[in-house]
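1. Starting from these lines, generate the structure:
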Amino acid sequence: MINVIRCLRYHNLFIVLAIVALLLAVFTPSLPVVAAPVVTLVPSSGAVGTTVSISGTVFNSYEGDNIHIFFDTREIDVSPLVVPSGGIFSVNFNVSANTSAGQHWVEVRTDTTTSSVIAKNSFTVDATALTLDTAEGPSGNSVNINGSGFYVNSTVTLYYYNPDKQKIGTVAASSTGKFVRSFIIPPSPGGLHKISASNDQANSAEVEYKVLAEIKLNLDSAGPGDSLNIKGTGFASSSKVNVIFGSLNVATATTDKFGSFEIEFNVPDVKPISYAVKAQDDTGNNSDTSFTVTAGAKLSESTGSVGGDLTIHGGGFKPGADITMKYDDNPIATTSADNNGDFTVTITVPTGNSGKHIISVSDGTSTRELPFTVEMVPPAVPSLLLPANGSLTRAEAYFDWLDVKDVSVPVTYDLDIASDQNFATLVLHKVGLIDSQYTLTANETLAADFKNAPYFWRVKAIDGANNVSEWSPASVFYISVPSVPAMALPPNDSPVEFPIRFSWQAVSSLSSPVTYNLQISKNLDFTSPLLDKTGLENSERLISKSDNLKFKKGVVYYWRVKAVDAAHNSSDWSPAGSFRFAPKSAFPGWATYTLISIGAVIAVLFAFRLGRKTAFH
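-> This next block holds a predicted model:
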C-alpha cells in the first residue's frame, strides 16, 4: 500500500515538471543558431601547377574582418582579404611545383596562428605516375600510356629503352596534369623494357612493358614443297632460333640485335593435316602457331621461258583422281594421281606475255595455284644486211637481216619502211614476220617519185614471251631507176624521108624489163605530140608512111625518148633532137640528070642566038 502511494506521488511530480517545461518553452524567447563557415575547393585534387578555386560561404559573422588563407603552412598570395558583405568570397591560387604528393589542407584563419582556424578543406596533390593499358605483348603492339601528376599544361617527353634510350615523342599534360599517348612498341628483344616520361619541371615517372615472343607465317595453309615465310619478334638479341614443324626441325635462324628474324623454308612432305609450327631461342623465348598442310604441288623452276620444259610434281591429292593443269585458266595438261595421290608431269610453257602467271593444279576437290614467271629479257636488236646502207635496189626490194636467237621462241620480226628518217611517214609496216628476210610483193612496190629520194628501213625482234627489242639503227637505200637514153638516129638537124629510123642507146634497170616511150612533136614543149608511142621493147623505132604522120617538107620536127622499168619508175626525157623532113624526087636519077643536060643545052643555044641578034643590029 505504501508503494502504491509512492508511485502516485512520483507520477504527479512528473506531470508537474512536464507542465513547467512546456510553459518555459512557450514563454521563453528563442536564441538564434549560428552556422559554421564553409570552404569549398574546385578541383579538390590535381597535379602541381593546378589552379584551385577557393570559395567561402557562411562567413556572415566575419563581414568586414580580415581573414588569412593558408595552404599548409604557407599563406597564399592574395591573403589576407576582407570578408565582403554577405559572407561569401572566392579566390584562386596555384599549387606550387615543389609541393609533395598527397593530402594538403587549405585553412581560413582569423589571424596567422594555427589556433585561429575557422574553416578548412583538404586538397590532394596527384603523384607523378605512368600506367599502360597493356602491360605485356609482342612488339608491334599499340599501347596507350596514361600519365598523371605532371605539371599542368607542360610538355612531357616519352622514352622507350631498347635497351638504349629512344625518344617516343612528346605530349602536353592537361590542366590537371594528365595525358594519354599511344605508340607502337618497336622491334625489341624479349623481356622487360622501361618506358619513362619527364618534363622541364623535374616531374618524371616510369613503367615497364614486357615484350613477348611472336611468330607469323605468310600462309595459313599450303602443300608439301610450298615455300613458307616465317617472321619472329621478341626473341633474345643475336640468338639462334630453331623452327620446328610438328616434330621436324625445318629451319634455323639468327635474330638481330632487336630479337627479330625472318627466314623461308619449304613445307615438309607430310600428311595433309594441321600442325603446330614453333620457334624457340636459346634462352627459352618461344612462340607457336598452327598451320594446315593441304594437297600440294611444286614446279621444277619458278622462272622460265616460253617454249621451255616445266615439270610439275604433286602430292596429297585424291588417289587415282584425274588431275587438271591450267596456265592462266587455259587447260594445258591432264594426268592421273597414283595410289598415294602423287603425280609428275612435264609441260611446255605456252606462248604468252612475259611476267607473272599462275599454274593451277586440281583434282576437283583440292586446288593448288603455283606462281610462275616468264623471263622478261628482250631479244637482241637485229643486224641489218640488205639492202646495204646507201645502196640502190629494185622497186620490189629484198630485205635481209641476221637471225635473232632467244630463249623464248618463236622469234618474229616487225619491219618498217619510211620516206623519212624519223619514220613519221611509213610506207610499209609489216608485223609478225617469221623469217629474217622479206621481199616486197607487186602490190608493195616502192616508187621513185622523186629522183634520188631515199627510203629508210629498220627491224625489231619480238620473242615468244612478247618481249620486244629496240629498233635497229635505220639504214637508207634508194630505188633504182633507168638512166636517160642517149639518142643515136637520126642525127640532130638532119634531113630525113620515109622510112625514118629512130634509135637510141639501150638502158638497164634493177627492175627489169625496161621499155621506152617515144614522142615526136612539131614544137619543143611537146604539148601536142604527133606521135606518142609507149611500151617499146627495143631501143629503136622505124616510122613509115603507114604511120600516117603528115610531115611537111622542109619543116623541122623534134623527138625525145625516156625509159620505163617494170616498177613503172621512169627516167627523165632525153634532150630533144631535131630533123627536117626532105623527101627526094619521084624521077629516076638518070632522068633527072638528062633533063638537066637538055636544059643546059637549050640555055646555051638561046644565049648564042640572042648574042648574034645583038651583034647584027
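
2. Can you give me every residue that contacts Phe258?
-> 139, 162, 186-189, 233, 237 (C-beta atoms under 8 Å, 6 or more residues apart in numbering). (C-beta placed from N, C-alpha, C; glycine too.)

3. now, which of these sits nearest Ala488?
-> Of all the contacts of Phe258, Ala488 sits closest to Pro187, with 99.2 Å by C-beta to C-beta.

4. Excluding sequence neighbours, find me the nearest residue to that closest one.
-> Residue nearest to Pro187 in three dimensions, not counting chain neighbours: Phe258, with 4.1 Å by C-beta to C-beta, 6 or more residues apart in numbering.

5. Name the SS class of the one you found, please.
-> Under DSSP: H, G, I helix; E, B strand; the rest coil, Phe258 falls in the coil class.

6. Repeat that for the one 5 residues further on.
-> The three-state label for Ile263, taken from three-state DSSP, comes out as strand.

7. got a pLDDT number for the residue most central in space within the chain?
-> Residue closest to the mean C-alpha point of the chain, counted by C-alpha atoms, centre = their mean, is Gly355 at 14.8 Å. Note for Gly355: predicted pLDDT of 94.

8. roughly how far apart are it and Val481?
-> Separation of Gly355 from Val481 (C-beta to C-beta, to the nearest Å): 49 Å.

9. now this protein, which segments are flagged as low pLDDT?
-> Counting by pLDDT under 70, the ranges of the chain that qualify are 1-34, 449-452, 585-597, 599-601, 603-617.

10. that older thread, from the contacts of Phe258, list the buried ones, please.
-> 139, 162, 187-189, 233, 237 (16 or more other C-beta atoms under 10 Å).

11. Among those, which one sits closest to Ala333?
-> Thr233 (42.8 Å).

12. How about the contacts made by that closest one?
-> Taking C-beta under 8 Å, 6+ apart as the test, what Thr233 contacts is 138-140, 187-188, 211, 213-214, 258-260.

13. From these, which land in strands?
-> 211, 214 (DSSP state E).

14. Leaving out the residues flanking it, which one is nearest to Pro410?
-> Closest to Pro410 by C-beta to C-beta, 6+ apart is Gly464, at 5.6 Å.

15. Now the one you found: phi and psi?
-> phi -70, psi -20 (degrees, to the nearest 10).

16. In this structure it contacts Val306, no?
-> Yes - between Gly464 and Val306 there is a contact under C-beta atoms under 8 Å: 3.5 Å.

17. all helices for the protein, in order.
-> For the chain, applying DSSP state H gives helices covering 2-27, 589-616.

18. And the residue nearest to Pro410, how far from Ile323?
-> Counting by C-beta to C-beta - Gly464 and Ile323 are separated by 26 Å.

19. Trp401 contacts Ser475, doesn't it?
-> No - using C-beta under 8 Å, Trp401 makes no contact with Ser475, being 9.5 Å away.

20. if I look at those two, which residues touch both of them?
-> With C-beta under 8 Å, 6+ apart, Trp401 and Ser475 have common neighbours Leu384.

21. quick one: which of the two has more around it?
-> Shown here are Trp401 and Ser475; by other C-beta atoms under 10 Å, Trp401 has more neighbours (24 against 20).

22. Please report how far the more buried one lies from Trp105.
-> Trp401 is 103 Å from Trp105, by C-beta to C-beta.

23. Could you do Tyr516 as well?
-> 133 Å.

24. now Ala297
-> With C-beta to C-beta as the criterion, Ala297 and Trp105 are 80 Å apart.

25. Between those two, tell me which one has more neighbours.
-> Applying other C-beta under 10 Å to Ala297 and Trp105 shows that Ala297 carries more neighbours, namely 27 against 14.

26. Tell me, how many residues neighbour Asp547?
-> There are 15 residues near Asp547, going by other C-beta under 10 Å.

27. what does Gly64 give?
-> For Gly64, using other C-beta under 10 Å, the count is 8.

28. Could you check how far it is from Leu81?
-> Counting by C-beta to C-beta, the gap from Gly64 to Leu81 is 11 Å.

29. I figured Ala442 was touching Glu396, is that so?
-> Yes - Ala442 lies in contact with Glu396 (C-beta under 8 Å); the separation is 6.7 Å.

30. more neighbours, those two?
-> Ranked by neighbour count (other C-beta under 10 Å), Ala442 and Glu396 place Glu396 first, with 18 against 9.

31. Let me know whether that one touches Thr439 as I believe.
-> Yes - look at Glu396 against Thr439 with C-beta under 8 Å: they come within range, at 6.6 Å.

32. list residues touching both of these two?
-> Common contacts of Glu396 and Thr439 (C-beta under 8 Å, 6+ apart): none found.

33. tell me the domain boundaries of this structure?
-> The chain breaks down into these domains under automatic domain parsing: 38-125, 129-211, 214-293, 296-374, 384-479, 487-581.

34. Dump those domains to a markdown table, plus distance to Ile602.
-> Compiled in a markdown table, those are given as follows (distance: least, C-beta to C-beta, whole Å):
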| stretch | distance to Ile602 |
| --- | --- |
| domain 38-125 | 163 |
| domain 129-211 | 143 |
| domain 214-293 | 132 |
| domain 296-374 | 107 |
| domain 384-479 | 66 |
| domain 487-581 | 28 |
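
35. Now do the contacts for the nearest residue to Gly169 once chain neighbours are set aside.
-> Nearest residue to Gly169, sequence neighbours excluded (C-beta to C-beta, 6+ apart): Leu158, at 5.9 Å. Contacts for Leu158 were tallied using C-beta under 8 Å, 6+ apart; they are 145, 167-171, 181, 183, 195-197.

36. Just among those, which is most surrounded?
-> Ala197 (25 neighbours).

37. Please tell me how far that residue sits from Phe317.
-> 59 Å.

38. repeat for Leu402
-> 48 Å.

39. One more: Asn94?
-> 79 Å.

40. ok, back up a step: take the contacts of Leu158 and keep only those in strands.
-> Going by DSSP E, the strands hold 145, 167-171, 181, 183, 195-197 from the contacts of Leu158.
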